[in-house]
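K.L.:
Give the three-dimensional model of this entry:
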Amino acid sequence: MENKEEVIENISIKNTGIKIDKAEFQLVVGKRLAEIRSAINPKLSQVRLANYTNLNQNIIQRIETGGGTIDNLLVMLNFYLNEDYNLNYILAKDNSVFPEKLRPQDKVENINDYFELPE
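P.N.:
Predicted structure coming up:
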């Protein structure tokens with residue numbers, strides 16, 4: 001059995017043998033979040049985003065540069081999901097097959113339903 005640190009550093013995906021380096025993944029996701037934030041008009045600064053998410057500007061900066069905690073990342077992802085951004089676009093290793101924004105048919109009326117599992 002792998003030790004906990006090995007599992008955290010190299011995340012295995014569905015037993016396919018594909019491994020993702022944690023630091024690389026965080027950098028990619030952070031860069032995408034920064035690009036999305038910068039493209040929003042009127043300009044969404046880190047300070048304004050911090051106010052919307054009840055985080056602080058330092059936390060936003062850390063996440064956008066590949067650091068931060070999973071809890072704060074989830075808060076940011078939830079914000080962007082509420083703004084109709086596609087989490088697949090943000091999180092997928094190769095996001096070129098996903099649109100940046102959700103299509104109308106992919107949107108849910110109640111954001112909490114997005115996380116509901118089918119019965």
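K.L.:
can you list the weak-confidence ranges in the chain?
P.N.:
Within the chain, the ranges that satisfy pLDDT under 70 run 1-18, 110-119.
K.L.:
80 - rerun?
P.N.:
Of all residues in the chain, those with pLDDT under 80 make up the ranges 1-20, 107-119.
K.L.:
Return the set of buried residues in the helix ranked longest in it.
P.N.:
Criterion DSSP state H: the longest helix present in the chain is helix 22-39. The neighbour-count check on helix 22-39 (16 or more other CB atoms under 10 Å) flags 26, 28-30, 32-34, 36-37 as buried. Every residue, glycine included, has its C-beta placed from N, CA and C.
K.L.:
packing partners for the helix or strand just after that helix?
P.N.:
Going down the chain from helix 22-39, the next helix or strand is helix 46-53, by DSSP states H and E. For helix 46-53, the packing partners by 3 or more CB pairs under 8 Å, 6 or more residues apart in numbering; DSSP states H and E come out as helix 57-64, helix 70-82.
K.L.:
just to revisit the earlier point, tell me the angle the longest helix of the chain makes with helix 57-64.
P.N.:
In terms of direction (axes from the mean of the first three to the mean of the last three CA atoms, to 10 degrees), helix 22-39 departs from helix 57-64 by 120 degrees.
K.L.:
looking just at contacts, which helices and strands does helix 22-39 meet?
P.N.:
For helix 22-39, the packing partners by 3+ CB pairs under 8 Å, 6+ apart are strand 10-12, helix 57-64, helix 70-82, helix 87-91.
K.L.:
Using a markdown table, please lay out the ones you listed together with distance to Pro42 and mean neighbour count.
P.N.:
Formatted as a markdown table, the helices and strands packed on helix 22-39 follow (distance: least, CB to CB, whole Å; neighbours: other CB atoms under 10 Å):
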| stretch | distance to Pro42 | mean neighbour count |
| --- | --- | --- |
| strand 10-12 | 36 | 12 |
| helix 57-64 | 17 | 19 |
| helix 70-82 | 16 | 16 |
| helix 87-91 | 21 | 16 |
